[in-house]
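Q: Return a 3D structure for these sequence lines:
(6 chains)
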6 protein chains.
Amino acid sequence: MTRPDGRAVDELREVRITRGWLDHAEGSVLVEFGRTRVLCAASLTEGVPRWLKGQGRGWVTAEYAMLPRATNTRSARESIKGKVGGRTHEISRLIGRALRAVVDMKALGENTLQLDCDVLQADGGTRTAAITGAYVALADAISTGRSRGWIPAAVDPLTDSVAAVSVGIVDGTAVLDLPYVEDSTAQTDMNVVMTGSGAFVEVQGTAEGAPFDRTELGTMLDLATTGCARLTEIQRTALAAPLER
Amino acid sequence: MTRPDGRAVDELREVRITRGWLDHAEGSVLVEFGRTRVLCAASLTEGVPRWLKGQGRGWVTAEYAMLPRATNTRSARESIKGKVGGRTHEISRLIGRALRAVVDMKALGENTLQLDCDVLQADGGTRTAAITGAYVALADAISTGRSRGWIPAAVDPLTDSVAAVSVGIVDGTAVLDLPYVEDSTAQTDMNVVMTGSGAFVEVQGTAEGAPFDRTELGTMLDLATTGCARLTEIQRTALAAPLER
Amino acid sequence: MTRPDGRAVDELREVRITRGWLDHAEGSVLVEFGRTRVLCAASLTEGVPRWLKGQGRGWVTAEYAMLPRATNTRSARESIKGKVGGRTHEISRLIGRALRAVVDMKALGENTLQLDCDVLQADGGTRTAAITGAYVALADAISTGRSRGWIPAAVDPLTDSVAAVSVGIVDGTAVLDLPYVEDSTAQTDMNVVMTGSGAFVEVQGTAEGAPFDRTELGTMLDLATTGCARLTEIQRTALAAPLER
Amino acid sequence: MTRPDGRAVDELREVRITRGWLDHAEGSVLVEFGRTRVLCAASLTEGVPRWLKGQGRGWVTAEYAMLPRATNTRSARESIKGKVGGRTHEISRLIGRALRAVVDMKALGENTLQLDCDVLQADGGTRTAAITGAYVALADAISTGRSRGWIPAAVDPLTDSVAAVSVGIVDGTAVLDLPYVEDSTAQTDMNVVMTGSGAFVEVQGTAEGAPFDRTELGTMLDLATTGCARLTEIQRTALAAPLER
Amino acid sequence: MTRPDGRAVDELREVRITRGWLDHAEGSVLVEFGRTRVLCAASLTEGVPRWLKGQGRGWVTAEYAMLPRATNTRSARESIKGKVGGRTHEISRLIGRALRAVVDMKALGENTLQLDCDVLQADGGTRTAAITGAYVALADAISTGRSRGWIPAAVDPLTDSVAAVSVGIVDGTAVLDLPYVEDSTAQTDMNVVMTGSGAFVEVQGTAEGAPFDRTELGTMLDLATTGCARLTEIQRTALAAPLER
Amino acid sequence: MTRPDGRAVDELREVRITRGWLDHAEGSVLVEFGRTRVLCAASLTEGVPRWLKGQGRGWVTAEYAMLPRATNTRSARESIKGKVGGRTHEISRLIGRALRAVVDMKALGENTLQLDCDVLQADGGTRTAAITGAYVALADAISTGRSRGWIPAAVDPLTDSVAAVSVGIVDGTAVLDLPYVEDSTAQTDMNVVMTGSGAFVEVQGTAEGAPFDRTELGTMLDLATTGCARLTEIQRTALAAPLER
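A: Residues are numbered from 1 along each chain as shown, chains lettered A, B, ... in the order given. Okay, here's the model as predicted:
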């Protein structure tokens, strides 16, 4: 089988992580998975939501959104419609859970990290790119917070790293990191979130056409494991460089 | 390990399916998984949403909601808040996808099946109970539609059955069909939707505490497979009885 | 004249009150007026709305809603529409006023009783069934509150009981407790709320077709008085039994 | 007993009806019940709501609202809050029903009459003033429509006139047409809508404090009958004068 | 050139300012620019919005709205639509800025002046009439506040007066104070807000058809200066009279 | 006087226009005025809004929005708040009017050009950058449309170019193109929109502190004329280059 863009089945698209893309945010990243382009901003603020107050613990939350012309045909703004759609809700919640899995809330202190992931251009895999980029923005915001004394410097609130990738079955073959053209014809679509140390944080597989069996599930999980490991390396490399603003 | 209600790790709670609970709906079921109680109504109407018109295909969609006092402490109504929450959106979408996986839209003709799953009482597993009950309501609505001539009688639009169950890891042990008391302390929480013939429609696993590894994932999938097979039998038995109204 | 269901003009439909239908609520009732079925949950919480704080007085309020397929054709959810309709508002306010008429707010202390009346199936008279059932749920919630020490035990906050019934003029004849088939063709439609001791709390009569005169009004009030007295007995009988959960 | 403004118990406040207060509306009235001042505009447009199309019948509907500073303390705008309150809904529906009771929808043809009743200043009885004024605006809009040929001239769509007044029990005495100072302390509050020929269109009585008995109800209905008869005369006098614009 | 209503190009329509039109508001004005009629109510309340607290400064804000039948064809209520339109927002903000320009917030103390400008009838220039009338209502509310001791009497919070007028280019000629018939065909439309001492607070010019050059801009500003000076006189005369309620 | 960034009073910040920043949009530009960065996407679709249908004319409209972390402190999303704020509305309308001033709607045919201007980073002048960039995106979308035959090629719908710049008075001196640090302390703030041929499309000046006089207005208009002429050149240069995607 040949994939539309000539990649091997277990090959990621070109991934680019540009840190410090914004001047104001405590951490920010422009992440690209091929033509998918997501701007991730991490805002660090003092205090926590009301229901958490006084427990000495922090909070991490996320909001995902798409610009109207990120896609091939323009979609209406949710602000104009006056309500947030189900898909937006679902992805925002997924990103929040993924990031909370690698943060020690005690070490964060009573601070909130708000991640904004805005899709500037969409070509499949926007939620996995968002998670992968948001982790780097989060790491930078935590560094900023610790160096400025907003977060206690003693213990690093980051317990691990986190990355995500999509896998799917297209024309009977399991493939990694699907662009829109593959995603729209996949029989099964799966998003996998893993820690840098190789454990699962989230596994979401959906049969779009025919249901899948245990063997197919296994193959997809293998591909996802490979993909997340590669993304973890890319994140590490990106974070190893000094941050120029 | 002993579970709070004395069940074995691979044992379902008592499941009850009461068909024809409503007089008006084309299909309706009160489904109970232990103390979780969900009213599923299937409404069959002529016509399809605008974007599907003229293709000779039908549509299946679902809405999930919870009564304010289904839970231990009262939660505010989404109608009063003026917006539908992320969790509600997410579960509604899940139920719709699960049911569409076993319906042949061509055979349904240009008709819409709308499933309403309203949780009257919640004790964990409301989404899986909803899917399991909604399938039976759907089957009854399709029978009604075929017998009244609204749906062409030639081909049965149902291609398979579908059921769902939750699994999770509690205190290090994988368990099936978690009530609230287990769900709220589970490290990992997974919802699995399977067809009657044993294939996966949806797999959604989330690490609430520690991430999970491939072995734990395997154990949970085994339990879910057992549980869904048992639910499939219960659905068949329920549907085999004549429907009295 | 013969009524569609063979009842006498001053005869109620079969009324059933099932207490303790929910496990979590402080008081709960499934009330049935024939095929009309309303789930009433009474939630007792500490504290009062802001505008009442510090006055040593409690509050009673109610919300009424209908499940989408309670009726013959499905109606859209108000949560999805993002706004509560006029009819819903009107009935919620009516139920709240009816219940407040028999509660001594001083004796209740700074506690709130929130009544949720959700129509599971509608066949006329949903608001009157809701009031009649909600009173029983309220009484149970107050007992619960007093026995748990949340409400001062010294003085019973209940000063009387309250029940409601519909009356109307159908084909020129005044009739009691109209099901949908009568209600939809009635010239005049009236809802009457009365205390157990026989006084009026609320009288709402509307000419749907021809206006009504003073004599017709009198006949309808006579029927309502009979009906409410009978409902008061049924409430007493229901409350006399021990509550099994 | 002496009323705060020195009126007899069966005496209306000074009622003023100014026709043609607006230049654009097909009918318009500024109605004053003492210091209560409501601007009623009747808009006549071709066509009917979708659910009525093609039946050769017209429609009459109403919207009630209050300016923010109509009352003693400013209340927030419903447009800013983004939702219409229960009280507004309830009164809008009441006005619509009251006016529909005296319009022959067949004679109106497929036209819609939309009544807008905006309270410029509130001092009790705003809904009854609105109904009383709206009838006059409606009559003018129908005249306009018939003289311009929009409404078939053959049959007058008006079958009767309609007026409304409040009655209540204050300090144990039944009184007519309550200003705010009486309304806020009334034990019972009742709004009565009657046709010009003396029949009831709507009776809405509410016990705010102690419930009321059949005798009190009778006395209030007597007062309301007197009040509505007097308002009917005032409407006739107003409509007898030529309309200057 | 002859204007539709026979005015000279630099002539205002008849302007009428009726003070004390409402009984409850601390200041109120019915302002008329020809057939344009705006009710301006100034509400004075203790306290300021949260973001201003504790700074010893007051706040002035405004809301503009139009009754549904102020215009030739009825427009839907923003409360029913559930959102405030862009034009409404824009004008509300303009009125607020205009009034804040002549108020010394320190002298006002921690009090809020809320201006409500409701257009009862629209015939062009509603925003300029609103500003001109709102200033007078504001002045009366400040007098009320100082005489009642709510606002410190020592320093007058009013530093100047403010008025506004529209100018435009119609058929190539610059004209002052455009009614709807001129406004709807103007190539350029400009609203100018000036202080009583002749300085600019706001200049908003928009080319509706052909863009305008510097000379045309100059001519329009000359006309506006003349118009605002005349409005300032009218405001002074109105405020010089004793306020009868 | 020295400006914070060392510019002369009549000097623009560095302006960069990157065409074709998005793959899907018919025209797109990333425009930068110093650190202000706005992504402008022009979407060309067949058809016009309902109120324009059948007139053989096109339509141009715009929506402006800001990402949550475009600013120094994060602001809440309007989609989450469920309503669009007044400032957003105001700027969206301004951009739309500015672009419509240079488009011949007849030549456009029954097509709609929708401009989306999303502020990725804000440092003053976001609305003027948006207009300046949106014009270039619009020009590219029109070229695309004409070359693909969607827009009749015969007549160019663009009648001129349009650009915008801010001017203001800071510490008594008139300056061009204010960054946030100047904007927040300016006494007067003015936005000027001009055509490439030097005429005014929109002039919006607001006294934030002291009102301004005719001389100051003149100086600001001189600066704006210089600035817009320079921006026109930059737009021309950008459009002269071939568009690489």
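
Q: Make sure A:Leu113 is indeed in a helix.
A: No: under DSSP: H, G, I helix; E, B strand; the rest coil, A:Leu113 falls outside any helix and is assigned strand.

Q: For the host helix or strand of A:Thr215, name the packing helices and strands.
A: If you go by DSSP states H and E, A:Thr215 is part of helix A:214-240. Packing partners of helix A:214-240 (3 or more CB pairs under 8 Å, 6 or more residues apart in numbering or on different chains; DSSP states H and E): strand A:15-19, helix A:126-147, strand A:162-170, strand A:173-176, strand A:188-195, strand A:200-207, strand B:200-207, helix B:214-240. C-betas here are computed from N, CA, C, even on glycine.

Q: Show me the beta-bridge partners of A:Asn111.
A: A:Glu46 (DSSP bridges).

Q: That one: neighbour count?
A: Using other CB atoms under 10 Å in any protein chain shown, A:Asn111 has 22 neighbouring residues.

Q: Just the closest residue of chain A to chain D, please.
A: Chain D sits closest to A:Gly82 of chain A, with a gap of 8.2 Å, by CB to the nearest CB.

Q: Tell me who's in contact with that residue.
A: C:82, E:82-83, F:82-83 (CB atoms under 8 Å, 6 or more residues apart in numbering or on different chains).

Q: between those, which is nearest chain A?
A: Nearest member of the contacts of A:Gly82 to chain A, counting by CB to the nearest CB, is F:Gly82, at 5.1 Å.

Q: Bridge partners for A:Val192, pull those for me.
A: A:Val165, A:Val203.

Q: Retrieve the pLDDT associated with the residue nearest to the spatial centre of chain A.
A: Centroid check for chain A by CA atoms, centre = their mean gives A:Ile131 as the closest residue, at 0.8 Å. With respect to pLDDT, A:Ile131 scores 98.

Q: Which helix or strand in chain A has the lowest average pLDDT?
A: Every helix and strand in chain A was compared by mean pLDDT, DSSP states H and E; the lowest is helix A:78-81, with a mean of 92.

Q: ok so, going back, quick check: the residue of chain A closest to chain D vs A:Gly27, distance?
A: 31 Å (CB to CB, to the nearest Å).

Q: Check A:Thr18 too.
A: Taken as CB to CB, the span from A:Thr18 to A:Gly27 is 12 Å.

Q: higher neighbour count, the two?
A: When A:Thr18 and A:Gly27 are compared for neighbours, A:Gly27 comes out ahead with 28 against 14, by other CB under 10 Å.

Q: Now do the contacts for that one.
A: So A:Gly27 contacts A:19, A:41-42, A:44, A:136-144 (CB under 8 Å, 6+ apart).

Q: how about those residues in a markdown table, adding pLDDT, distance to chain F and neighbour count?
A: Output for the contacts of A:Gly27, formatted as a markdown table (pLDDT from 0 to 100; distance: CB to the nearest CB, whole Å; neighbours: other CB atoms under 10 Å in any protein chain shown):
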| residue | pLDDT | distance to chain F | neighbour count |
| --- | --- | --- | --- |
| A:Arg19 | 97 | 15 | 21 |
| A:Ala41 | 98 | 4 | 28 |
| A:Ala42 | 98 | 8 | 31 |
| A:Leu44 | 97 | 10 | 23 |
| A:Val136 | 98 | 15 | 25 |
| A:Ala137 | 98 | 10 | 32 |
| A:Leu138 | 98 | 13 | 27 |
| A:Ala139 | 98 | 16 | 22 |
| A:Asp140 | 97 | 13 | 23 |
| A:Ala141 | 97 | 11 | 24 |
| A:Ile142 | 97 | 16 | 24 |
| A:Ser143 | 96 | 17 | 17 |
| A:Thr144 | 95 | 13 | 17 |
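
Q: Nearest to chain E among those?
A: A:Leu44 (21.4 Å).

Q: Test my guess that that closest one contacts A:Ser147.
A: No: contact criterion CB atoms under 8 Å: A:Leu44 and A:Ser147 do not qualify, at 11.5 Å.
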